[in-house]
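>>> Structure for this input, please:
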Amino acid sequence: MSPKKTNLIIRLLSKGFKRLERFVFILKLLVTPRQFIYFSCVLVGISSALAVILLKTFAHWVYNFAQYLDGILHLPYSNSLLPIIGILLTVLVVTKLLDGSIQKGTSHIMYAVARKGGMMPFKQMYSQIITSSFTVGLGGSAGLESPITITGAAFGSNYAQNYRLSHKDRSLLLACGVAAGIAAAFNAPIAGVLFAIEVVLAEISITAFIPIMISAATGALVSTIILNEDILLTFKQGEVMDYHNIPQYVLLGLLSGFVSINYARTFRKIENHFANSKLGNYRKALYGASLLAILIFFFPSLFGEGYESIKILANSHPEKILDNTLLDNFKDNNWILLAFVGITMMVKVYATGLTLGSGGNGGNFAPSLFVGSYLGFFVAKFFNLIGITKPLSVSNFTLVGMAGVLSGLFHAPLTSIFLIAEITGGYNLMVPLMIVSSVSFAISKRFEPYSFDIKHLADKGEVFTNNKDKNILTCLDISTFILTNYKPIQESKSLEELVEIVKHTDNIVFPVLNEEKEFLGLIYLDNIRPIIFSPFKIKYTSTHEVMQSPKEIVLHNDSLEIVMEKFEKTDTSILPVFKNGLFYGFIYKTMILEKYRDQLKEMVIE
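Got it, this is the predicted structure:
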C-alpha cells in the first residue's frame, strides 16, 4: 500500500472517531445517566473484543508459522529463536516508547479500583497490545489474558474519564472492559462477568450486573462473529461424568492446590531474581530469553500460550504432543509420553518466569490453564496405565484440571468452574468442576492467604481483597486522621496549668511531658472533674497522681487495619500516636468510622 493511501486511511479513521465522539457527547445530554451507561458498556465491550481479536489472531498466525518451519526442519529450532526476538523487541518498545515501564498483571486493575478511583493511564489502551503481541505472539511462554484485561479496563476507565463520569461509573465501566476481554478471549460471557466481579471488584450491587453482562455478551458476540473458532480455546465435550471417579477428582483437586502453591512461590523467586539482577535491560532480556529458548528446544509445547497443546492432550491422539521433539520416535511409549507431560507441567512455571522476568509482557492466566490441563492428563493417564481403577476419561480430567489450577492460583473458583463449562460447550462436567475447583481453592487459601496476582500488594500493605472492611481501610491514609494540635501538660506538682488549658480547649485528653519533651502519660478530663472544682485539690495534686499509662499506642506508620484492631482490643475511642519514639498526636476512632462510611458509599458500584 502506498504512503498516500495509508495517510488517507488514517485521516478517514481520525475523522470517524471525532464524529463518534461528538455523537456520544450529544447522546449523553439527551438520555438518562442509566441509559448512557448501557450504551457505553456496549462501546467498551466492542473495543475490548477488537483488542482480543488483534492479539489472538497475531499470536495464532505466528504459532502456525513456527509449526510450518518445524515441519520442514523437524527440530524446534525456530521455536527456540523467535521468543528471543520477541522479548528483545518488547524491551525495546518499553524502553524507547513507554518511558521504561510497563504494568503487568491484573493486580494493577484492582489497585486502580481500590486506590485511584478507577483511573488508569491512557497508554494502557495500546501499550499492552503492542508489547504482549511481540512477547507472546513470537513465542514467549505467557498468556494474553492479563494484557487483554488491562487493555479492556483502560478502555473503560479512559472512556469514563473522557465523558466525565463519576467514580462509581468509572469503576463500573472498567469492570465492563475486563468482563468483555475475558468473554471475547474464550467466548465465555458468564466467565467474563464472574471474573470481573470475583477478581476485580470488591463491592457491587445487583443493578451493576446488567452493564457488566451487556459488555461481556457484546465481547463474546464480536469475537464469535470475527474470530475463527480454531483460534479460541474451545472443546467439543461429549463424555459424561462417571460418579465412580469422584475419589480421583478429589485427588486432582488436592494436587491442583499444591501445584498452584508451588507455581506461585517458584514464579515469585524467579521474578525476584530478575528484579535484583544488576544486568541492563537488554542483557537481562537476552539472558532470560536464551534460557527460555533452551527450554522450548526440549519442550516445544512451552512456545506461546500453549492452547494448541491443551487441545492435543484433550483429544484422542495425545501422542501428537511429541511431534517435532527429540522424543518424536517414542510416540507409542505411553510411559515416555506421561513423563514428558509431567516434566513439561513442572517446567512451565520456569518458562513463564523467564519470559516475564526478563522483560517480556504477558500474564499467568493461560499458563495456569496449561499447567492444569497437563496435571489432569497426568493423573488420568497414570491411573489408566497402572490399571488399579476403572479407565478414567483422560479428556475430562484434562479439562477439569484447568479449573483446578486456575482456581488455586487466582482464588477464583466461580470463574474457573464456568469458564471450563462454557468452553466445553455444556455442563456435563459441572460436578467434577465444582469438586476440583473448591478443593484446590481451599488448599491454596490455607497456605497462600492472598491470590497469586495480589501477593506483592499484600507484602507492601496495599492488599485489595474480597474483604470489604480491609479494602476500605487500605484506601485510607492514617496521616489524615492524626490530630497534632494538642495541648501538652508539663510535669508538675499541681494541676493549675491543666485547669487553665481546660478553660480554653475542647480536648478531653492531655499528654503529660517532662522538660525533655519525653512522654510520661495521659490525663483524661473525665477522671479529674471532681478535682478541678476544688482549689485545694488543684494546688496539692500532682500530675503523677492523676495521669495514666495509655492502654495501647499507635505508630505513625501503622496501617488503619492495625489501628482499628488496637481500638477493639483496648475498648477505647482515643489513642496516642508516636513518631520516632516521641509523642506525635492523637487518633480518634469516630473520625475513622465516619470516613469509613463515606468511603463505603463510594465503593459500592450501583
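>>> show me where pLDDT drops low in the protein?
In the predicted model of the chain, residues 1-17, 66-67, 69-78, 114-115, 117, 202-207, 229-240, 426, 456-475, 598-606 satisfy pLDDT under 70.
>>> Break down it into its strands, ranges please.
482-483, 489-490, 509-513, 519-524, 554-555, 574-579, 582-588 (DSSP state E).
>>> Out of these, which gets nearest to F441?
Nearest of those to F441, taken as Cβ to Cβ: strand 554-555 at 35.1 Å. Using the backbone N, CA and C atoms, a C-beta is placed for each residue, glycine as well.
>>> related to what we said a few turns ago, tell me which of the strands of the chain is the most buried.
Mean neighbours per residue, mean count of other Cβ atoms under 10 Å, is largest over the strands of the chain for strand 509-513, with a mean of 21.
>>> Neighbouring strands - and their directions - for that one?
Next to strand 509-513 in the sheet, as set by DSSP bridges, lie strand 489-490 (parallel), strand 519-524 (antiparallel).
>>> Tell me the gap between that strand and the middle of its chain.
Counting by Cα atoms, centre = their mean, to the nearest Å, strand 509-513 is centred 46 Å from the centre of its parent chain.
>>> Over to stretch 118-131?
Mean-position distance between stretch 118-131 and its chain equals 16 Å (Cα atoms, centre = their mean).
>>> Now that stretch: buried residues?
Buried positions in stretch 118-131, judged by neighbour count with 16 or more other Cβ atoms under 10 Å: G118, M119, M120, K123, Q124, M125, S127, Q128, I129, I130, T131.
>>> Closest one of those residues to E21?
Looking across these and measuring by Cβ to Cβ, the closest to E21 is M125, at 14.5 Å.
>>> if I read this right, the closest one contacts G152, doesn't it?
No - using Cβ atoms under 8 Å, M125 makes no contact with G152, being 9.5 Å away.
>>> returning to what we had before: a markdown table for the buried residues of stretch 118-131, including distance to H108?
Output for the buried residues of stretch 118-131, formatted as a markdown table (distance: Cβ to Cβ, whole Å):
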| residue | distance to H108 |
| --- | --- |
| G118 | 12 |
| M119 | 12 |
| M120 | 8 |
| K123 | 12 |
| Q124 | 8 |
| M125 | 14 |
| S127 | 12 |
| Q128 | 10 |
| I129 | 16 |
| I130 | 17 |
| T131 | 14 |
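>>> Tell me which of the strands paired with strand 509-513 lies nearest to N384.
Across these, closest to N384 is strand 519-524 (Cβ to Cβ), at 71.7 Å.
>>> Next, the angle from the closest one to strand 582-588.
30 degrees (axes from the mean of the first three to the mean of the last three Cα atoms, to 10 degrees).
>>> How far does strand 519-524 sit from its chain's centre?
Worked out by Cα atoms, centre = their mean, strand 519-524 lies 46 Å from the chain centre.
>>> And stretch 125-145, by the same measure?
That offset, for stretch 125-145, works out to 17 Å (Cα atoms, centre = their mean).
>>> same deal with stretch 291-309?
In terms of Cα atoms, centre = their mean, the centre of stretch 291-309 is found 25 Å from the chain centre.
>>> list the buried ones in that stretch?
Buried residues in stretch 291-309, counted by 16+ other Cβ under 10 Å: 291-293, 295-309.
>>> Return the alpha-carbon coordinates of that stretch using CSV.
Extracted in CSV, the C-alpha atoms of stretch 291-309 (Å, rounded to 0.1, in the frame of the first residue of the first chain):
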residue,chain,number,x,y,z
LEU,A,291,17.3,-19.8,28.9
LEU,A,292,13.7,-19.8,27.7
ALA,A,293,15.0,-20.8,24.2
ILE,A,294,16.7,-23.8,25.7
LEU,A,295,13.6,-24.9,27.5
ILE,A,296,11.5,-24.5,24.3
PHE,A,297,14.1,-26.5,22.4
PHE,A,298,13.5,-29.6,24.6
PHE,A,299,9.8,-28.8,25.3
PRO,A,300,8.3,-27.2,22.2
SER,A,301,4.8,-27.0,23.8
LEU,A,302,6.1,-24.2,26.0
PHE,A,303,6.0,-22.0,22.9
GLY,A,304,3.4,-19.2,23.2
GLU,A,305,0.2,-19.5,25.1
GLY,A,306,0.2,-23.3,24.8
TYR,A,307,-3.5,-23.6,24.0
GLU,A,308,-2.8,-25.8,20.9
SER,A,309,-1.1,-28.4,23.1
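>>> coming back round to it: select, out of the strands paired with strand 509-513, the one closest to V44.
Closest of those to V44 is strand 519-524, at 54.1 Å (criterion: Cβ to Cβ).
>>> tell me the angle the closest one makes with strand 574-579.
Going by the same axes, to 10 degrees, strand 519-524 makes 160 degrees with strand 574-579.
>>> So what touches strand 519-524?
Residues outside strand 519-524 that contact it (Cβ atoms under 8 Å, 6 or more residues apart in numbering) are 489, 491, 498, 508-514, 543-544, 546-550, 576, 578, 582-583.
>>> so how far does stretch 534-544 reach from one end to the other?
Distance between the two ends of stretch 534-544: 18 Å, counting by Cα to Cα, to the nearest Å.
>>> do the same with stretch 505-516
End-to-end distance (Cα to Cα), stretch 505-516: 24 Å.
>>> Quick check: S479 touching H556?
Yes - counting by Cβ under 8 Å, H556 is a contact partner of S479 at 7.3 Å.
>>> who's more crowded, the two?
Between S479 and H556, counted using other Cβ atoms under 10 Å, H556 has the larger neighbour count: 14 against 11.
>>> do you know how far the closest residue to R268 other than its chain neighbours is from P449?
Counting by Cβ to Cβ, 6 or more residues apart in numbering, R268 lies nearest to K455, which is 7.0 Å off, once chain neighbours are set aside. The span separating K455 from P449 equals 9 Å under the rule Cβ to Cβ, to the nearest Å.
>>> Pick out whichever of those two has more residues nearby.
K455 (17 against 12).
>>> Identify the residues contacting the more buried one.
Per Cβ under 8 Å, 6+ apart, neighbours of K455: A264, R268, E448.
>>> So which of the residues you listed are in helices?
Using DSSP state H, A264, R268 are the members of those that sit in helices.
>>> Out of the strands of the chain, which is closest to T424?
That would be strand 554-555 among the strands of the chain, by Cβ to Cβ, at 52.8 Å.
>>> sorry, back to before: mark which of the buried residues of stretch 291-309 are part of helices, please.
Per DSSP H, those map to helices at L291, L292, A293, L295, I296, F297, F298, Y307, E308, S309.
>>> Can you get me a residue count around S534?
11.
>>> Any figure for the gap between it and L495?
For S534 relative to L495 (Cβ to Cβ), the value is 10 Å.
>>> same deal with G152?
Remark: distance between G152 and L495 (Cβ to Cβ) = 65 Å.
>>> more neighbours, those two?
Neighbours per residue, other Cβ under 10 Å: of G152 and L495, the larger number sits with G152, 38 against 24.
>>> In this structure that one contacts L43, no?
No - between G152 and L43 there is no contact under Cβ under 8 Å: 11.9 Å.
>>> need the contact list for the closest residue to L414 other than its chain neighbours.
Among residues not flanking L414 along the chain, L194 sits closest, at 4.8 Å (Cβ to Cβ, 6+ apart). Going by Cβ under 8 Å, 6+ apart, L194 touches A412, L414, T415, F418.
>>> And V136, by the same measure?
So V136 contacts L55, A59, G86, A142, G143, L144, P147, G304, E305, G360, N361, G362 (Cβ under 8 Å, 6+ apart).
>>> That's all I had, so thanks and see you.
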